[in-house]
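Novice: Sharing a model prediction with you, sequence too.
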Amino acid sequence: MESQLEFDVLVIGSGAAGMRLALGCAPTARVALLSKGTFEDSSTFHAQGGIAAVLDEHDSVESHIKDTLEAGAGLCNPGVVRFIVERGRQAIQELIAAGVDFSRETGPDGKPFYHLTREGGHSHRRVIHAADATGKAVATTLSQRVAGQPNITMFNHQVAIDLIRQKVEGRRVGRCLGAYVLDKASGHVRAFLARVVVLATGGCSKAYLYTSNPDVVTGDGMAMAWRAGCRVADLEFTQFHPTCLFHPQAKSFLITEAVRGEGGRLLLPDGTRFMPNFHAKAELAPRDIVARAIDHEMKRLGLDCVYLDISHQPAEFIKGHFPTVYKRCKEYGFDMTKQPLPVVPSAHFTCGGVLTDLQGRTDIEGLYAVGEVACTGLHGANRIASNSLLECLVIGRSASAHILEAQAQAPAPAPARPWDETGITDSDEEVVVAHNWEELRRFMWDYVGIVRTTKRLERAQHRVELLAREMDQYYRSFKVNGDLLELRNLIVVAGLIIASAMGRRESRGLHYTLDFPQPDGSQTPRDTILVPPNFSGVSAADLRLWGEQARAGCTA
Ligand code: FAD
Ligand code: SIN
């Protein structure tokens with residue numbers, strides 16, 4: 001196996017963002033597309049509800065923007081919201097042209113039309129979907145397109161470990177040249193070199209004990225970017241999805257918000273509906289409000305779960321709209337056409353991430369970040385439902401347009417130092433990784449969850465510091481493997497989440513603390529931006545979208 005491979009563009013992550021970006025680059029660049037598993041091991045593949053876009057003649061871009069800003073609780077970047085929302089229709093048209101079979105119905109005139117569902121926070125039906133398995137339809141189509149592109153080489157079962165940077169005299173962080181990558185099958189570490197490197201590694205919800213996310217979502221890209229010298233933003237805003245199936249074997253299987261969009265009601269065990277007590281939009285309030293209301297009721301009454309009931313709708317309607325959810329629930333012994341489903345919230349989405357502009361540029365020259373790993377400013381303090389896949393597609397496209405130009409002018413990467421394993425042995429203490437993994441995810445759930453306090457955050461901070469010290473020693477001593485690398489990254493992102501949460505001395509959007517239960521009205525809402533010790537403050541930082549200039553110059 002070669003120890004170095006060279007491409008024009010290295011894309012780490014094959015979810016919607018990575019695949020869309022790779023397809024945009026493929027016409028003129030040689031692309032390596034890496035994935036920890038296959039394209040099926042991604043949040044994208046598991047997405048259920050759909051993609052928000054203005055497709056109905058009675059809907060408007062202004063309304064989609066307004067709903068997004070409202071959910072974001074004062075922290076969305078309005079220019080970014082507009083940029084992405086305005087390109088929604090185009091993104092959907094591209095998917096349809098590529099072959100995604102979105103759900104259709106037939107109108108009274110006998111003509112078929114795309115069915116749009118409703119989700120929390122949206123004031124119109126604007127979520128296009130492929131039944132309740134939208135992610136599978138999108139990912140499968142994109143992966144087929146990728147497979148048909150001779151310029152894209154897929155590398156499955158690879159774990160990127162760290163980014164490779166050029167050493168530059170007088171600067172602490174030089175251009176990004178590639179990444180060291182573990183081949184899971186052989187255990188070898190190779191250097192993937194490229195003119196441009198893209199992080200498309202998704203979020204970090206695996207930092208929590210209960211999550212709707214697949215196992216690969218361990219914050220690797222955020223941790224790699226931070227170690228390499230990139231700033232991160234708004235990581236205190238972890239979104240908890242209100243309704244995951246409560247069953248010991250279900251691994252927090254998601255019950256799509258579209259169930260509530262199509263009339264599902266949240267009930268206490270005695271059948272009382274409680275959401276109208278919390279928000280005028282009841283079950284369709286923004287997600288932070290619904291998750292917090294459930295948490296409140298569970299704690300108040302000492303419940304293990306609440307219930308989601310759509311059994312008043314006709315059975316055929318339920319099976320037709322939610323075939324995947326219906327089937328999975330049946331496997332666990334629940335018939336949603338006849339009975340309410342037991343549900344609990346679980347960690348679902350990372351609103352913050354690596355600070356980028358609308359073309360995915362980060363603080364490091366030659367390094368881009370797209371999709372859930374990034375913080376563009378779209379989601380603010382709370383993502384509105386189904387805006388995430390939209391962001392992956394729109395920014396995947398605009399970044400690829402920029403990269404095509406940038407990579408043509410970028411220098412060919414210099415050879416990298418080979419991966420150094422001097423003094424490293426095989427671990428004889430795998431139990432340390434398993435134990436620390438469990439400990440981290442549990443204290444994140446208990447202390448950094450839906451409702452926070454300063455004391456709990458301090459406890460979590462203390463523990464994460466201990467784990468970081470232990471990991472540092474462990475990482476220097478033992479040969480790397482997938483679990484060790486993921487835990488190393490989770491410890492970094494957990495530390496960043498806690499630091500961000502401690503810095504926000506108010507409650508806003510998804511960040512709710514009993515010590516400061518109200519938004520701070522005394523100042524303009526601000527993003528939490530963490531600066532790594534090796535931040536160089538050069539390159540794209542000056543051009544980023546957080547200044548008007550970059551936005552005006554963005555033409556994709
Ligand atoms: P992902 O799709 O998560 O892909 C990440 C990729 O990075 C994977 O290929 C992974 O293997 C790879 N990777 C990670 N680390 C490494 C590494 N170190 N080395 C190599 N590869 C790596 N959003 C919506 O808009 N609508 C929905 O209906 C919706 N439903 C959802 C339902 C569920 C159950 C979940 C979990 C999420 C849902 N979301 C939804 C959110 C949305 O799916 C994600 O935000 C989005 O798919 C993220 O896409 P991505 O390309 O950024 O990352
Ligand atoms: C869902 O289907 O409820 C998930 C939608 C989303 O996370 O955007």
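Specialist: Good, I have the coordinates. Ligands and ions are numbered 1, 2, ... in the order given.
Novice: relative to its centroid, which residue of this structure is most remote?
Specialist: residue 109 (40.3 Å; Cα atoms, centre = their mean).
Novice: Next, that one: secondary structure please.
Specialist: At residue 109, secondary structure determined by DSSP: H, G, I helix; E, B strand; the rest coil is coil.
Novice: Also the one 4 residues further on?
Specialist: In three-state terms, and counting by three-state DSSP, residue 113 is strand.
Novice: could you measure the residue farthest from the centre of the chain against ligand 2, distance?
Specialist: 30 Å (Cβ to the nearest ligand atom, to the nearest Å). All C-beta atoms are positioned from the backbone trio N, CA, C, and that covers glycine.
Novice: do the same with residue 165
Specialist: Residue 165 is 34 Å from ligand 2, by Cβ to the nearest ligand atom.
Novice: Find the nearest non-adjacent residue to that residue, please.
Specialist: residue 174 (5.3 Å; Cβ to Cβ, 6 or more residues apart in numbering).
Novice: hang on, that neighbour is in a strand, isn't it?
Specialist: No - assessed with three-state DSSP, residue 174 is coil; it does not lie in a strand.
Novice: just checking, it touches residue 168?
Specialist: Yes - Residue 174 is within contact range of residue 168, at 3.6 Å (criterion: Cβ atoms under 8 Å).
Novice: Between these two, which has more neighbouring residues?
Specialist: residue 174 (19 against 13; other Cβ atoms under 10 Å).
Novice: can you tell me which residues contact that one?
Specialist: By Cβ atoms under 8 Å, 6 or more residues apart in numbering, the residues touching residue 174 are 165, 166, 167, 168, 365.
Novice: can you list the weak-confidence ranges in the stretch 51-200 of the chain?
Specialist: For the stretch 51-200 of the chain, the stretches with pLDDT under 70 are 169-173.
Novice: Helices of that one, start to end?
Specialist: 61-71, 78-86, 88-98, 134-147 (DSSP state H, counting those that start in this stretch).
Novice: What residues sit buried inside the longest one?
Specialist: By neighbour count, and taking 16 or more other Cβ atoms under 10 Å as the criterion, the buried residues in helix 134-147 are 134, 135, 136, 137, 138, 139, 140, 141, 142, 143, 145, 146.
Novice: In TSV: those, plus distance to ligand 1.
Specialist: Output for the buried residues of helix 134-147, formatted as TSV (distance: Cβ to the nearest ligand atom, whole Å):
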residue	distance to ligand 1
134	5
135	6
136	10
137	11
138	9
139	8
140	13
141	14
142	10
143	10
145	15
146	12
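Novice: So which residues on the stretch 151-300 of the chain come close to ligand 2?
Specialist: 256, 257, 258 (Cβ under 6 Å from any ligand atom).
Novice: The closest residue to ligand 1 within the stretch 51-200 of the chain pairs with what?
Specialist: Proximity of the stretch 51-200 of the chain to ligand 1 (Cβ to the nearest ligand atom) peaks at residue 160, 3.6 Å away. Taking DSSP bridges as the rule, residue 160 bridges to residue 181.
Novice: is it true that it touches residue 181?
Specialist: Yes - using Cβ under 8 Å, residue 160 makes contact with residue 181 at a distance of 5.1 Å.
Novice: Would you reformat the buried residues of helix 134-147 as TSV and include distance to residue 470?
Specialist: Output for these, formatted as TSV (distance: Cβ to Cβ, whole Å):
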residue	distance to residue 470
134	41
135	36
136	39
137	43
138	40
139	36
140	41
141	44
142	40
143	38
145	44
146	39
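Novice: So among the contacts of residue 174, which ones count as buried?
Specialist: Among the contacts of residue 174, those scoring as buried are 165, 166, 365 (criterion: 16+ other Cβ under 10 Å).
Novice: Chain neighbours aside, what residue packs nearest to residue 222?
Specialist: residue 493 (5.2 Å).
Novice: can I assume that neighbour is in contact with residue 205?
Specialist: No - Residue 493 sits out of contact with residue 205 when judged by Cβ under 8 Å, with a separation of 9.9 Å.
Novice: Now do the contacts for the residue of the stretch 51-200 of the chain closest to ligand 1.
Specialist: Counting by Cβ under 8 Å, 6+ apart, residue 160 has contacts 12, 34, 179, 180, 181, 182, 192, 201, 220, 224.
Novice: ok, and does stretch 199-210 reach over to ligand 1?
Specialist: Yes - Stretch 199-210 reaches ligand 1 (Cβ under 6 Å from any ligand atom) through 200, 201, 202.
Novice: Out of the buried ones among the contacts of residue 174, flag the one nearest to residue 413.
Specialist: Nearest to residue 413, judged by Cβ to Cβ, of these is residue 166 at 8.0 Å.
Novice: Please enumerate the strands of the stretch 201-350 of the chain.
Specialist: 232-233, 238-245, 265-267, 306-309, 341-350 (DSSP state E, counting those that start in this stretch).
Novice: That should have said the stretch 401-550 of the chain, apologies.
Specialist: Going by DSSP E, counting those that start in this stretch, the stretch 401-550 of the chain shows strands at 529-530.
Novice: Give me the below-cutoff pLDDT ranges for it.
Specialist: 537-550.
Novice: Which residue would be the closest one in it to ligand 2?
Specialist: residue 510 (12.9 Å).
Novice: ok, residue 330 - how many residues close by?
Specialist: If you count neighbours by other Cβ under 10 Å, residue 330 ends up with 12.
Novice: Kindly report the same for the one 10 residues further on.
Specialist: By other Cβ under 10 Å, the residues close to residue 340 number 19.
Novice: so how far is ligand 1 from it?
Specialist: Distance of residue 340 to ligand 1, given as Cβ to the nearest ligand atom: 21 Å.
Novice: any idea how far that residue lies from residue 330?
Specialist: Using Cβ to Cβ, to the nearest Å, we find residue 340 at a distance of 15 Å from residue 330.
Novice: Residue 143 too?
Specialist: Using Cβ to Cβ, we find residue 143 at a distance of 28 Å from residue 330.
Novice: do the same with residue 241
Specialist: 21 Å.
Novice: same check, this time on residue 94
Specialist: 35 Å.
Novice: before we move on, what about residue 246?
Specialist: Relative to residue 330, and taking Cβ to Cβ, residue 246 is found at 16 Å.
Novice: How about the secondary structure of the closest residue to ligand 2 within the stretch 1-150 of the chain?
Specialist: Closest residue of the stretch 1-150 of the chain to ligand 2, Cβ to the nearest ligand atom: residue 49 (2.6 Å). Under three-state DSSP, residue 49 falls in the coil class.
Novice: residue contacts, it?
Specialist: If you count contacts by Cβ under 8 Å, 6+ apart, residue 49 has them with 117, 119, 127, 129, 132, 134, 256, 257, 258, 261, 385, 386.
Novice: Repeat that for residue 481.
Specialist: Residue 481 neighbours (Cβ under 8 Å, 6+ apart): 182, 187, 427.
Novice: could I get the strands of the stretch 201-350 of the chain as TSV with mean pLDDT?
Specialist: Below are those laid out as TSV (pLDDT from 0 to 100):
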stretch	mean pLDDT
strand 232-233	97
strand 238-245	97
strand 265-267	98
strand 306-309	98
strand 341-350	97
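Novice: So which of those is nearest residue 488?
Specialist: Across the strands of the stretch 201-350 of the chain, closest to residue 488 is strand 232-233 (Cβ to Cβ), at 16.4 Å.
Novice: Pull up the pairing partners for the closest one, direction included.
Specialist: strand 353-355 (antiparallel), strand 529-530 (antiparallel).
Novice: possible to save those strands as JSON lines with mean neighbour count and distance to ligand 2?
Specialist: JSON lines is the format used below for the strands paired with strand 232-233 (neighbours: other Cβ atoms under 10 Å; distance: least, Cβ to the nearest ligand atom, whole Å):
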{"stretch": "strand 353-355", "mean neighbour count": "29", "distance to ligand 2": "16"}
{"stretch": "strand 529-530", "mean neighbour count": "18", "distance to ligand 2": "25"}
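Novice: what number of residues lie near residue 332?
Specialist: Quick note: residue 332 (other Cβ under 10 Å) scores 15 neighbours.
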